[in-house]
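K.L.:
Could you look at this predicted model? Sequence included:
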Amino acid sequence: MNLFDVYPLFNISITRGQGCYVWDEGGQQYLDLYGGHAVISIGHAHPHYVESISQQVSRLGFYSNSVINPLQQQLAHRLGHASGYEDYQLFLINSGAEANENALKLASFHTGRTRILTAQKAFHGRTSLAVEATDNPKIIAPVNANGHVTYLPLNDLSAWEQELAKDDVAAVILECIQGVGGIRMATAEFAQGLSAACKKHGTVLVCDEIQCGYGRSGRFFAHQWLDIRPDIITVAKGIANGFPMGGVLISPEFRPVYGQLGTTFGGNHLACAAALAVLGVVEEEGLVKNADEMGNYLMSRLRGMHSPHIVDVRGRGLMIGIELDAPQKAVRESLIYDEHVFTGCSGTNLLRLLPPLCLTREDADEFIARLNKVLTKI
């Protein structure tokens, strides 16, 4: 049997990692400015993380959600404290797409409505409703194209207010920093106006913090830069540093109804142990503050390069976009194969940096030096 060929792969097999570095099977070291697509939050193979999940699997790896799992309540308490949402409720699942799927379903149950507003260039996942709320017709299958979703320009408040005034919208779902969409950021004026309009019309505001959340922006959640408080917040990626996990943070206004939501693997013992270890490291090592400081430093260094090939540098914290005047594909491949640096990308001309939140000044300087070598060859 062969693998179903869904990804174009770099001809590299990564076998181990440590901090902000990974190694291939031949022993070549790579600087990781990609973090496995924003998943590695506390760094590869952090000792506390390794110890926590190793101890947990030696006791109990899994049991169903039909019994009490004290680790779930510990995680809810720690996450509420770390994020400032102590009065919210937590539903644990396995991925970001699941988190958005359940958030939108919950909003529809809550309002009795069926329509959703999302931003142009948004990416919210690949499952049924999440993919319909993703502005990419190439990945929306005919069975998913049900007409529930309206796409609107980011930061065009009047366009969103016009749609909300129809009083048939169950949910607005918003990435305050678009990842796949090119590190495009919602403005405070737009976000605050949108939040007010949602309240006025009884629409649920969902903030998708799957990529931009969990400290990556330099605040625990990216929307906290904008002074808004959404009804539902979705998380995944960095929540468990590579162990599959997602979560939905739900306003106390929502009351659970048995049977509406459910999961087999969500919030299992191993996942919770991993997520608790992540929160412990994030707090003890000050990684949210580090993301803010290192992000500002890295963007300052990038802007100071004055390369004719860099059109724009934008982002917050350690979620950074480098817009180029040439296709990013050749630059990214040269970074990987010649300079041994992993980065992400968006569209045809944007390099996307999503490093572990433990990035150091020395790591940032090393990346600048290697990027400069590549850009001078263009």
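P.N.:
In hand now; what should we look at? Numbering: from 1, shown residues only.
K.L.:
For residue 13, see how far away residue 26 is.
P.N.:
9 Å (Cβ to Cβ, to the nearest Å). For the C-beta atoms, the positions are set from N, CA and C on the backbone; glycine is no exception.
K.L.:
quick one, helices of this structure?
P.N.:
Assigned by DSSP state H, the chain shows helices spanning 35-38, 47-59, 70-83, 96-111, 128-132, 157-164, 188-201, 269-284, 287-304, 328-337, 361-376.
K.L.:
Please enumerate residues in contact with the longest one?
P.N.:
So that's helix 287-304. Residues outside helix 287-304 that contact it (Cβ atoms under 8 Å, 6 or more residues apart in numbering): 41-42, 215-220, 281-282, 310, 313, 315-320, 322, 353, 357-361, 364-365, 367-368, 371.
K.L.:
got it, and stretch 127-140?
P.N.:
By Cβ under 8 Å, 6+ apart, the residues outside stretch 127-140 that reach it are 97-98, 100-101, 104-105, 116, 118-126, 141, 144-146, 148-149, 151, 173, 181.
K.L.:
Tabulate the helices of the chain (a markdown table), appending mean neighbour count, mean pLDDT and distance to residue 250.
P.N.:
Below are these laid out as a markdown table (neighbours: other Cβ atoms under 10 Å; pLDDT from 0 to 100; distance: least, Cβ to Cβ, whole Å):
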| stretch | mean neighbour count | mean pLDDT | distance to residue 250 |
| --- | --- | --- | --- |
| helix 35-38 | 21 | 96 | 23 |
| helix 47-59 | 14 | 98 | 26 |
| helix 70-83 | 17 | 98 | 11 |
| helix 96-111 | 24 | 98 | 7 |
| helix 128-132 | 21 | 95 | 17 |
| helix 157-164 | 16 | 98 | 21 |
| helix 188-201 | 17 | 98 | 15 |
| helix 269-284 | 22 | 98 | 17 |
| helix 287-304 | 19 | 98 | 22 |
| helix 328-337 | 17 | 97 | 38 |
| helix 361-376 | 16 | 97 | 37 |
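K.L.:
how about CSV for the ones you listed, with distance to residue 22 added?
P.N.:
Listed next are the helices of the chain as CSV, based on distance: least, Cβ to Cβ, whole Å:
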stretch, distance to residue 22
helix 35-38, 9
helix 47-59, 15
helix 70-83, 27
helix 96-111, 22
helix 128-132, 29
helix 157-164, 41
helix 188-201, 35
helix 269-284, 18
helix 287-304, 19
helix 328-337, 11
helix 361-376, 13
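K.L.:
Mind giving me the ChimeraX select for the contacts of helix 287-304, buried ones only?
P.N.:
The buried residues among those can be selected in ChimeraX (16 or more other Cβ atoms under 10 Å) with this line:
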select :41,42,215,216,217,218,219,220,281,282,310,313,315,316,317,318,319,320,322,353,357,358,359,364,367,371
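K.L.:
what's the burial count for residue 327?
P.N.:
12 (other Cβ atoms under 10 Å).
K.L.:
That one reaches residue 350, doesn't it?
P.N.:
No. Counting by Cβ atoms under 8 Å, residue 327 stays clear of residue 350, with 10.1 Å between them.
K.L.:
Next up, the contacts around the residue nearest to residue 180 when sequence neighbours are not counted.
P.N.:
Excluding its sequence neighbours, the residue lying closest to residue 180 (Cβ to Cβ, 6 or more residues apart in numbering) is residue 123, at 3.7 Å. Residues near residue 123 by Cβ under 8 Å, 6+ apart: 134, 135, 136, 175, 178, 179, 180, 181.
K.L.:
Tell me the buried residues within these.
P.N.:
Among these, those classed as buried by 16+ other Cβ under 10 Å are 134, 135, 175, 178, 179, 180, 181.
K.L.:
So this structure: which segments form each domain?
P.N.:
47-284, 286-358+367-378 (automatic domain parsing).
K.L.:
For the last one, measure first residue to last.
P.N.:
Translated: domain 286-358+367-378. In domain 286-358+367-378, first residue to last residue: 38 Å (Cα to Cα, to the nearest Å).
K.L.:
go on, the first one?
P.N.:
The stretch domain 47-284 measures 13 Å between its terminal residues, going by Cα to Cα.
K.L.:
Could you do stretch 197-214 as well?
P.N.:
Stretch 197-214 has an end-to-end distance of 26 Å (Cα to Cα).
K.L.:
Report the buried residues of that stretch.
P.N.:
For stretch 197-214, by 16+ other Cβ under 10 Å, it's 197-198, 201, 203-214.
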